[in-house]
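Undergrad: here is my input, please return the structure:
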Amino acid sequence: MAEDRSALIEQALGAAHHTEPSLDRLFELIGDKGDYAARESLDFARRATAIALRLNYRKGITRGIYLQARFHELLSEYDVSIKSYEKALELSGLSDDSHRLEILMGLGSNYYQMGEFELSLRFSLEALELQEKQGELKKRGTALMHIGSVYQRLNDFDSALDYYRRALESMRDGGSKTQEASLLGNMGGLYAQQGRVKEALDYFDQSLKIREEMGDKRNKGTLMNNIGQCYVLMKDFEKAKTYFFESIRLHNEFSNRVGESSALINMGELALTEQKPEIGIDCLKRALVIADELKLKFHSYHIHEVISRAYATVGDYKMAMEHHKEFHRVKEEVHNQEANRKIDNMRHLHQLENAKKESEIERLRNVELKKAYAEIEVKTKEIQDSINYALLIQQAMYPLPEELRKIFPFSFGMVKPKNVVNGDFVWATSRNGLSYIAAADCTGHGIPGAFMSMIGIEKLNQAVYGSGLKRPSQILEAVNRGIKFSLKQNSEESLLRDGMDMSLCAFDFDNNKLFFASANRPIYHVREGALTEILPTKSAIGGLTSNDQEFPDQVIELKKGDLIYMFTDGFADQFGGEQGKKFTTRRFKELLLSNCNDELKTQREKMVNTLKDWMTHKDPEEKPFEQTDDITVIGISI
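TA: Numbers count the residues shown, from 1 in each chain. Now for the predicted structure:
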């Protein structure tokens with residue numbers, strides 16, 4: 001059948017002589033069942049349009065460009081489709097063209113797919129007005145359905161259901177069975193969004209029945225995906241997977257890339273729910289390839305967010321970090337594009353004079369605003385929950401307070417993250433007669449810093465427990481190599497230059513010795529009121545540091561009453577005071593010396609209070625200075 005259609009079209013295109021009536025028949029033949037072979041039909045439409053151009057047949061040119069737009073839409077090429085629809089609309093305005101209605105509906109559909117709901121509503125309302133003007137009340141169903149779809153996407157279920165019911169009445173009174181099947185599918189989706197799964201499945205079944213009666217396999221893929229989501233809600237994961245697989249197969253067969261991406265996302269998230277992260281990551285990566293190719297930003301940033309968590313689950317922190325960064329980058333792009341698009345949309349919308357359109361659009365804006373606030377609240381909670389869970393993971397890797405007290409009975413720690421999770425970390429253990437402690441400052445703070453801190457802790461544990469290394473120099477050198485290997489920083493193509501500064505002490509309390517090695521972080525040795533700065537090796541761990549970088553050991557002889565202070569740069573770099581300047585290293589040293597004779601608990605309290613006072617404005621009506629960086633200070637008494 002498809003071969004006969006193609007042969008007839010090729011024969012018509014190759015005819016020696018073309019007339020306007022023969023072109024009308026050719027365009028009708030190309031449009032009929034063209035949805036099932038969109039790529040081939042697009043080529044036919046281009047060739048037929050070229051013939052219409054040679055004949056200067058304006059109606060044929062408009063029809064040809066419209067068909068090209070429709071096939072581009074079916075191939076998920078929305079940017080090109082919209083340009084073609086707009087060109088066809090411009091041409092239809094220059095002649096009394098009967099295809100203007102289809103063009104308006106096509107624009108409404110395209111803008112809906114791209115998430116530009118105000119423009120989608122504008123063109124759908126214009127199509128509805130044209131149908132009413134032409135007296136085609138029985139054919140209003142498609143326009144009513146599109147308007148309902150916009151409200152459904154905005155979670156205004158009452159308005160959506162009202163338009164859907166009016167659309168269904170219109171379609172059953174003389175509309176298209178294909179459109180009725182689409183509408184029933186939309187109504188099923190609406191009930192699924194509300195958690196009314198049985199009603200959703202009933203509408204999906206009605207839609208599926210029509211599709212099967214018509215032999216419409218192309219549009220079954222979306223139904224399979226929606227039904228699969230219902231079974232996820234019902235916790236019947238095996239059935240859900242069956243429908244998702246079938247959805248992916250059908251979408252792939254008919255080149256519906258957007259539908260395939262959506263089904264792959266659902267399959268990936270289901271695999272993660274079933275604690276099968278490898279399968280989930282594979283599905284999400286396939287979905288991401290499609291989303292990036294088609295510039296589906298909404299799909300992309302959702303995939304990056306989910307896949308970042310998946311990689312963290314399997315311990316691949318490098319990939320988790322990369323996808324987390326991409327999530328924020330793409331999300332920022334989407335928000336910027338949305339803001340610019342809103343400005344453009346408003347400019348278009350103000351050109352509308354019809355009172356009915358203005359009323360509907362104003363209501364849409366109000367609904368969209370409410371939805372935006374609701375989405376912000378939900379996303380904020382999701383992000384906060386994720387950060388809190390990340391904090392639990394990070395804290396689980398840190399030494400417990402009682403473990404620290406056991407290793408270093410006379411010590412204090414001041415740890416103050418800039419955000420919830422920390423880019424600084426403390427690591428401690430006791431092994432081979434030595435008591436080890438590290439204080440590290442990772443690149444960045446917040447989530448990226450926290451990822452690096454977990455990698456740093458893992459590499460320290462591998463060096464000491466896995467490789468049995470003893471000297472601080474050996475341990476830091478192994479951590480440097482391990483981080484560069486894990487983040488693939490030895491490759492010239494790597495974009496990751498993240499690393500950390502770290503001081504590492506190994507105390508031999510039996511022999512009153514301290515073995516010290518460091519990457520960019522000094523320590524202070526205080527004895528009898530005098531402070532000595534023990535300088536570090538001027539290289540970071542990871543990043544641009546070479547694989548064979550050495551971090552030589554230094555040995556310090558200790559006496560009873562000595563104090564060792566380890567710290568990151570957060571305290572000294574904190575802005576505040578009357579002039580809003582940094583606390584500075586000089587003030588930090590003076591603070592330590594002024595309190596060094598106090599008990600360790602008192603020293604910590606004075607440091608906390610000093611920092612608080614420094615960050616407080618002289619003017620009580622002013623807010624305190626924001627914390628600049630993560631802050632860590634450790635004091636150990638001999």
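Undergrad: pop out the phi and psi values for residue 549.
TA: phi -60, psi 130 (degrees, to the nearest 10).
Undergrad: distance of it from residue 484?
TA: 10 Å (CB to CB, to the nearest Å). Glycine gets a C-beta too; all of them are placed from N, C-alpha and C.
Undergrad: just the helices in the stretch 401-550 of the chain please.
TA: 401-407, 446-461, 472-486 (DSSP state H, counting those that start in this stretch).
Undergrad: just to revisit the earlier point, so for residue 549 and residue 484, which residue has more residues nearby?
TA: Legend: neighbour count by other CB atoms under 10 Å for residue 549 and residue 484, higher for residue 484 (23 against 16).
Undergrad: between residue 549 and residue 484, what contacts are shared?
TA: Common contact partners of residue 549 and residue 484 (CB atoms under 8 Å, 6 or more residues apart in numbering): none.
Undergrad: shouldn't residue 471 be in contact with residue 516?
TA: No: if you go by CB atoms under 8 Å, residue 471 and residue 516 don't touch, sitting 10.4 Å apart.
Undergrad: what do the two both touch?
TA: Joint contacts of residue 471 and residue 516 (CB under 8 Å, 6+ apart) are 506, 553.
Undergrad: looking at the two, which is more packed in?
TA: Legend: neighbour count by other CB under 10 Å for residue 471 and residue 516, higher for residue 516 (24 against 16).
Undergrad: that one against residue 558, yeah?
TA: No: taking contacts as CB under 8 Å, residue 516 lies outside contact range of residue 558: 11.1 Å.
Undergrad: and the residue positioned nearest the centre of the chain, what element?
TA: Centroid-nearest residue in the chain, with CA atoms, centre = their mean: residue 301, separated by 2.5 Å. Counting by DSSP states H and E, the element that carries residue 301 is helix 297-313.
Undergrad: and for that helix, what's in contact with it?
TA: 115, 261-262, 265, 268-269, 272, 277, 280-281, 284-285, 287-288, 290-292, 317, 319-321, 323-324, 326-327, 330-331, 333-334, 337, 386, 393, 451.
Undergrad: hang on, the earlier thing: go through the helices of the stretch 401-550 of the chain and name the closest to residue 18.
TA: helix 446-461 (63.1 Å; CB to CB).
Undergrad: tell me which other helices or strands that closest one touches.
TA: The elements that helix 446-461 packs onto, with contact taken as 3 or more CB pairs under 8 Å, 6 or more residues apart in numbering; DSSP states H and E, are helix 317-349, helix 355-397, strand 424-431, strand 434-442, helix 472-486, strand 499-508.
Undergrad: and the angle from the last one to strand 434-442?
TA: With axes from the mean of the first three to the mean of the last three CA atoms, to 10 degrees defining the directions, strand 499-508 sits at 160 degrees from strand 434-442.
Undergrad: what about the closest residue to residue 80 other than its chain neighbours, neighbour count?
TA: Nearest residue to residue 80, sequence neighbours excluded (CB to CB, 6 or more residues apart in numbering): residue 72, at 4.7 Å. Using other CB under 10 Å, residue 72 is surrounded by 23 other residues.
Undergrad: name the helix or strand for residue 72, please.
TA: helix 58-74.
Undergrad: helix or strand right after that helix?
TA: helix 78-92.
Undergrad: tell me the average confidence for that next one?
TA: Regarding helix 78-92, the rounded mean pLDDT is 87.
Undergrad: nice, that's everything, thank you.
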